[in-house]
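K.L.:
Based on what follows, work out the 3D shape:
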Amino acid sequence: RHCSGDIGKFEYLVRFLFETFGVGSHKFHILTVACLMMRSLALLTLWQPLRWIAQTAHMASSKLSYFMFVFLSSIWGFSVAMRVMFGAEYMQFNSLFMSITTLLLYTFGDTERAM
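P.N.:
Next up is the predicted model:
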């Protein structure tokens, strides 16, 4: 398989992300660990009592990706609005990154760190 030059979807994704983020990027390590965890779900299919976990993750993956798209889009939209409306007045909204971080922290109930 490796000699033929034919690569799978996962290998293509890893190569694309590696070339995009580069070797020295620390953000790439988190993404790599997440990809490895997703890939390790394939090991659960080898043991019969744990096969239901992999099947459940496979069935829920498409709906979860749609939810994450809508959720992150709404967080991004509201953070742009908060940046425009309150960026000059409040430290939490003075940049788009800070606005997104603040709204995510509020969403997960960590209001003390969001202040």
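K.L.:
and Cys35, what helix or strand is that in?
P.N.:
helix 27-40 (DSSP states H and E).
K.L.:
after that helix comes which helix or strand?
P.N.:
Note on helix 27-40: by DSSP H and E, the next helix or strand toward the C-terminus is helix 51-86.
K.L.:
circling back: what's the helix holding Cys35 packed up against?
P.N.:
helix 9-21 (3 or more CB pairs under 8 Å, 6 or more residues apart in numbering; DSSP states H and E). The way it works is simple: take the backbone N, C-alpha and C, and place the C-beta from them, glycine included.
K.L.:
quick revisit: could you check the angle helix 51-86 makes with the helix holding Cys35?
P.N.:
Calculated by axes from the mean of the first three to the mean of the last three CA atoms, to 10 degrees, helix 27-40 forms an angle of 150 degrees with helix 51-86.
K.L.:
for the record, mean pLDDT for helix 27-40?
P.N.:
Here helix 27-40 scores 76 as its mean pLDDT.
K.L.:
Cool, thanks, talk later.
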